[in-house]
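Novice: Everything below, folded, please.
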Amino acid sequence: MSIYATTTMLIVMMMALGQIMMNSQRLEYDYRLAQLQLEEELIQRKENQLELKSHRNHLEELVKMRTAELSLSESKFRLLVEQSLVGIFIYQDGYLRYANEALCQMLGYASADEFVNRIPIFDLVPSQDRLSMYERITHEIPGQKDGVTYNIGLLRRNGKIVDVDLLSRAIKYLGKPATIGVAIDVSDRNHATEALRALASRLQTVREEERTRIARGIHDDLGQTMAGLKMKMGWLKKQLATKGLSEHLEDITEMQELTDRVIQSVHDISWALRPGVLDTLGLSEAIEWLCKDIQRRVGIRCHRDLPTQRFALDADDVTHVFRISQELLNNVARHAQASSVEVKLELDDNGNLLLEVKDDGIGMGDITPGVNRSDCWAYANGSSS
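Specialist: Below you'll find the predicted structure:
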């Protein structure tokens, strides 16, 4: 091999070696750069992990705090519900799903476990109230945002009925439609109301009995006395005329007129207390007398439509309807400024006695603009006979 060829080969080899060294340096540089980038990425990832851990710890603290607050709030709410003096319940799918201690005591159960989720709701309601409660639960309550209030009976464990006022409204419970309600025991109130009604009825009966006694006393005693006095004055007038004492006849005549007025007043007072026709001829005749009396006293024309048959009512109902009629006609005479009044008494298709009084006076005035009439109706269960 010539020197030239050898030299050329060496030069080529040196150039190749230089290229290899350059490539090696570039690879080392790229490796160091990649290593630095990886270290930087690892540092950033660690910083991100630390930040995420910090956020997670903060969220966990918030969750713990919120859970504690909710737990405290739930405990307070449960304590409030459990210690409530009124019954509180949740109804869903035919059963009570929750009942507080007050409702348990109201129904006579030792604990809610004895009937909650075990006894169908309609088995806790008397048979006569089941249809009403079904209508409210299925139709009325779901459509009322403010809830529905109604009175109903509930069956105690011993079979007795307790009267309650219920306030119920529709809610979502465990993701399903339900009803939450409050039950208030009103048995004592209803018993007191019934007792008051019985007392009021008894007082009215006693009052009417006393009116009857006084009316009969006035009519029989005072009326007869005045009638006897009038007869005596008539006899005295004849005696004076026979003996020629005519100067006293005018005084006797005035005394007779005064006596007539007293007799009329006695008659009016007696009938106002208790008209005898009410007991002897019945309600229609007594109202007929009221109509004639208002015409005589104040000049109001009284048109009446009264049945001729008597109604099969007990004495208390007859008295109540008569007193209502009397009060209505007295109000017309005192306040209505009417020129005429219509009185109608009839028996409707449901067996109720209907009393209707209408007048052409000022009525309720500004309460009903444009209506110059006063109407009133009174009902009493009964039938004609």
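Novice: Give me the below-cutoff pLDDT ranges for the protein.
Specialist: Low-confidence segments of the chain, defined by pLDDT under 70, are located at 1-2, 4, 67-81, 143, 145, 219, 245, 363-385.
Novice: Just give me the longest helix of it.
Specialist: Identified as the longest helix of the chain according to DSSP state H is helix 3-82.
Novice: what's the next secondary structure element after that one?
Specialist: strand 87-92 (DSSP states H and E).
Novice: Just the angle for that following strand relative to helix 3-82, thanks.
Specialist: Between the axis of strand 87-92 and that of helix 3-82 there is an angle of 130 degrees, by axes from the mean of the first three to the mean of the last three Cα atoms, to 10 degrees.
Novice: And strand 87-92, what does it pack against?
Specialist: Using 3 or more Cβ pairs under 8 Å, 6 or more residues apart in numbering; DSSP states H and E as the contact definition, the elements that strand 87-92 packs against are strand 95-99, helix 101-107, strand 161-173, strand 176-185. Just so you know, the C-beta spots here come from the backbone N, C-alpha and C atoms, and that holds for glycine as well.
Novice: try 10 Å this time
Specialist: In this structure, strand 87-92 makes packing contacts with helix 3-82, strand 95-99, helix 101-107, strand 161-173, strand 176-185, judged by 3 or more Cβ pairs under 10 Å, 6 or more residues apart in numbering; DSSP states H and E.
Novice: Any idea which of those gets closest to Q239?
Specialist: If you check each of those against Q239 by Cβ to Cβ, strand 161-173 wins as the nearest, at 76.1 Å.
Novice: ok, and for that closest one, which residues are buried?
Specialist: 162-166, 168-170, 173 (16 or more other Cβ atoms under 10 Å).
Novice: What strands flank that strand, and is each parallel or antiparallel?
Specialist: Sheet pairing of strand 161-173 (DSSP bridges) gives strand 148-155 (antiparallel), strand 176-185 (antiparallel).
Novice: Report the distance from that strand to the chain centre.
Specialist: Strand 161-173 has its C-alpha centroid displaced from the chain centroid by 14 Å (Cα atoms, centre = their mean, to the nearest Å).
Novice: Just want the angle from that strand to strand 95-99.
Specialist: Going by the same axes, to 10 degrees, strand 161-173 makes 90 degrees with strand 95-99.
Novice: Can I get strand 161-173 as CSV, trimmed to CA atoms?
Specialist: Extracted C-alpha coordinates of strand 161-173, given in CSV (Å, rounded to 0.1, in the frame of the first residue of the first chain):
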residue,chain,number,x,y,z
ILE,A,161,-111.1,6.0,69.6
VAL,A,162,-109.1,9.1,70.2
ASP,A,163,-110.1,12.3,68.3
VAL,A,164,-107.2,14.1,66.7
ASP,A,165,-106.6,17.1,64.5
LEU,A,166,-104.1,16.2,61.7
LEU,A,167,-101.9,18.6,59.8
SER,A,168,-100.3,16.6,56.9
ARG,A,169,-98.3,17.5,53.8
ALA,A,170,-96.6,15.6,51.0
ILE,A,171,-92.8,15.1,51.1
LYS,A,172,-90.0,12.9,49.7
TYR,A,173,-88.8,10.2,52.1
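Novice: returning to what we had before: out of the helices and strands packed on strand 87-92, flag the one nearest I269.
Specialist: In this view, the helices and strands packed on strand 87-92 are compared for proximity to I269 by Cβ to Cβ, and strand 161-173 is the closest at 45.2 Å.
Novice: which of the residues in stretch 183-195 are buried?
Specialist: Judged by neighbour count using 16+ other Cβ under 10 Å, the buried positions of stretch 183-195 are 183-185.
Novice: Dump that stretch to CSV, keeping only the CA atoms.
Specialist: As requested, the backbone C-alpha atoms of stretch 183-195 are provided in CSV (Å, rounded to 0.1, in the frame of the first residue of the first chain):
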residue,chain,number,x,y,z
ALA,A,183,-101.4,14.8,65.3
ILE,A,184,-102.9,16.7,68.2
ASP,A,185,-105.2,14.9,70.7
VAL,A,186,-108.4,16.9,70.9
SER,A,187,-110.5,14.4,72.8
ASP,A,188,-110.6,16.5,75.9
ARG,A,189,-111.5,19.6,73.9
ASN,A,190,-114.3,17.7,72.1
HIS,A,191,-115.6,16.3,75.3
ALA,A,192,-115.6,19.8,76.8
THR,A,193,-117.3,21.2,73.7
GLU,A,194,-120.0,18.5,73.9
ALA,A,195,-120.4,19.3,77.6
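Novice: rewinding a little: nearest to P275, of the helices and strands packed on strand 87-92?
Specialist: The closest approach between P275 and any of those, judged by Cβ to Cβ, belongs to strand 161-173 at 40.5 Å.
Novice: what's the most distant pair in the buried residues of strand 161-173?
Specialist: Of all pairs drawn from the buried residues of strand 161-173, the one with the largest separation by Cβ to Cβ is D163 and Y173; the distance is 26.8 Å.
Novice: and R157, what does it touch?
Specialist: Contacts for R157 were tallied using Cβ atoms under 10 Å, 6 or more residues apart in numbering; they are 104, 107-110, 114-115, 119, 124.
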